[in-house]
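1. From the sequence below, what's the structure:
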Amino acid sequence: DTFGKSDPFIIISKLEDNGAMLKVFESPVIKNTLNPKWNNLEISEVALNNGDPDKMLLFEIYDWDRNSSNDLIGTFRATTRMLFDQKSFEIINEKKRAKKGKKYKNSGVITFTRIDRIKPYTFMDFPMGGTEMAVSFAIDFTGSNGAPSSPSSLHYNKPDYDPNNFYSLNEYQKAISSIGYVLEPYDSNRDMEVYGYGGKFFKRNNVEFDCALTGDPTHPSVFGVAGILSCYYNALQSVDLWGPTNFAPIINKIAASAREGLLPKYSNAPLQRYHILTIITDGEITDMENTKRAIANAADAPLSIIIIGVGNGNFNSMEELDGDDVKFSSRDIVQFVPLSKYVDNPSLLAAETLAEIPKQYNLSYNKMFLNDEKYIIIIILVPRNSNADKSRHYRATGST
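-> Model (predicted):
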């Protein structure tokens, strides 16, 4: 190394049950310096110690070398609990200690000046931790549903229609009610957005795929489930059912809205709003590749997508989007449920439909912030004059 300066980096390994050491972390190399500083090094607690604060860890400090093997500066062992309690650790190079005997003191000292353990939020923390649900519904108005005036139509309103009587509802209304009434309490304002896709709305000539059923694209929200059912009923009076069945536009719209609420990367505050988009459809989608792309792009947003299939159509593409078997996104954000399996049991429908939301929320929060509880580490190495090993002697201060 030039003029005695080093290119240090740190490797952390944990002791496995079989006695082997498993590497869990490697810091970046800080080149040509005696005063390196690593900022915001993230280490997952599960990866670091399997959730056991007494699991032994090995810290190895190396001097990186481009043309030959890296030189070991020294090592020390400590548990996570010791990192919190002890703070300072001598870096020992066993070969140099054996060679120099009593004259050898250490090859440096690392001091952790601060350790932050960041705890993630769970689904049950939503109302308590300050996170609210932003709920949106997208309703299929394609021609395959059948004319709303026909009793065979999935959009048909029964003569005894009563929004308070689940068994008098058509399949779209059942899907809205089952999911909406469960999610409604998680939004203190009870504001829910409602969109239509695949139809010609408000006597306009073009087919739309993210049309606010309120008639005002700047204010797509209504008050609660009752507002959604009313808005849906009113839309049926004037809409022309059309096609095709495209999901990508509404997914892109809601994902863009969700991203507006992202917090700074290392914030330990809860999300203000987590978005849930429920898409209700009667069959195969026609923009599969665009939809896959939209879902993949939405994986970085605090968003889950629920797809509810109504009727007896072919839902193979929906099951593909569910992503339980085939992953095309960095985070599984889609849950598909066929209404026919639960049509007479709204509580079971809601339970099945919302089953993956906690995991998806945690993965979203983790992707933006933390995977499980993590340690944020800053380590500074500075030269030190002492009776210790003068060829490579450091005092290290760090905050985690």
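2. Next up, the contacts around T286.
-> By CB atoms under 8 Å, 6 or more residues apart in numbering, the residues touching T286 are 243-246. For every residue, glycine as well, the C-beta is placed using N, CA and C.
3. Name the SS class of it, please.
-> The assignment at T286 comes out as coil when based on DSSP: H, G, I helix; E, B strand; the rest coil.
4. how many other residues sit next to L15?
-> 16 (other CB atoms under 10 Å).
5. what's the span of stretch 263-272 from first residue to last?
-> For stretch 263-272, the separation between the terminal residues is 9 Å (CA to CA, to the nearest Å).
6. picking up where we left off before, from the contacts of T286, keep the buried residues only.
-> Buried subset of the contacts of T286 (neighbour count, 16 or more other CB atoms under 10 Å): 243, 245-246.
7. re earlier: okay, the contacts of T286 in a markdown table with distance to L348, pLDDT and secondary structure next?
-> Output for these, formatted as a markdown table (distance: CB to CB, whole Å; pLDDT from 0 to 100; DSSP: H, G, I helix; E, B strand; the rest coil):
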| residue | distance to L348 | pLDDT | secondary structure |
| --- | --- | --- | --- |
| G243 | 31 | 96 | coil |
| P244 | 32 | 96 | coil |
| T245 | 27 | 96 | coil |
| N246 | 30 | 97 | coil |
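8. for this structure, what are the low-confidence residue spans?
-> Residues of the chain that meet the criterion pLDDT under 70 lie in 1-4, 34-36, 119-129, 264-268, 323-330, 358-400.
9. who touches Y62 in this structure?
-> Counting by CB under 8 Å, 6+ apart, Y62 makes contact with 8-11, 70-73.
10. Take the residues you listed and write them to a markdown table, including distance to V135.
-> Below are the contacts of Y62 laid out as a markdown table (distance: CB to CB, whole Å):
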| residue | distance to V135 |
| --- | --- |
| P8 | 50 |
| F9 | 47 |
| I10 | 45 |
| I11 | 46 |
| N70 | 53 |
| D71 | 58 |
| L72 | 56 |
| I73 | 55 |
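11. circling back: so can I have a markdown table of the contacts of T286 showing distance to T214?
-> Compiled in a markdown table, the contacts of T286 are given as follows (distance: CB to CB, whole Å):
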| residue | distance to T214 |
| --- | --- |
| G243 | 23 |
| P244 | 24 |
| T245 | 22 |
| N246 | 21 |
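12. residues near E90, how many?
-> Number of residues near E90 (other CB under 10 Å) recorded here: 14.
13. do you know how far the spatially closest residue to it that is not a sequence neighbour is from G130?
-> Distances taken as CB to CB, 6 or more residues apart in numbering put N106 closest to E90, at 4.1 Å, once the chain neighbours are dropped. Distance of N106 to G130, given as CB to CB, to the nearest Å: 47 Å.
14. Ok, M288 next?
-> 37 Å.
15. returning to that earlier point: specify which member of the contacts of T286 is nearest to D344.
-> T245 (26.3 Å; CB to CB).
16. So N93 is in contact with F76, correct?
-> No - with contacts counted by CB atoms under 8 Å, N93 stays clear of F76, the gap being 10.5 Å.
17. picking that back up, with neighbour count, distance to N49 and secondary structure as added columns, please give the contacts of Y62 in a markdown table.
-> Listed next are those as a markdown table, based on neighbours: other CB atoms under 10 Å; distance: CB to CB, whole Å; DSSP: H, G, I helix; E, B strand; the rest coil:
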| residue | neighbour count | distance to N49 | secondary structure |
| --- | --- | --- | --- |
| P8 | 27 | 24 | strand |
| F9 | 20 | 21 | strand |
| I10 | 24 | 16 | strand |
| I11 | 18 | 15 | strand |
| N70 | 16 | 25 | coil |
| D71 | 17 | 28 | strand |
| L72 | 18 | 23 | strand |
| I73 | 25 | 23 | strand |
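18. What is the nearest of those to L339?
-> I11 (52.8 Å).
19. where does A138 fall, phi/psi-wise?
-> The phi/psi pair for A138 (degrees, to the nearest 10) reads phi -120, psi 120.
20. who's it bridged to?
-> Y195, I279 (DSSP bridges).
21. which residue sits closest to M318, ignoring its sequence neighbours?
-> F336 is the one closest to M318 (CB to CB, 6+ apart), at 4.3 Å.
22. quick one, what contacts that neighbour?
-> If a contact means CB under 8 Å, 6+ apart, then F336 has 306-309, 315, 318-319, 321-322 as its contacts.
23. ok, 6 Å please
-> By CB atoms under 6 Å, 6 or more residues apart in numbering, F336 lies in contact with 307, 318-319, 322.
24. got it, and D210?
-> 195, 249-250, 253.
25. can we see that at 8 Å?
-> Going by CB under 8 Å, 6+ apart, D210 touches 138, 195, 197, 249-250, 253.
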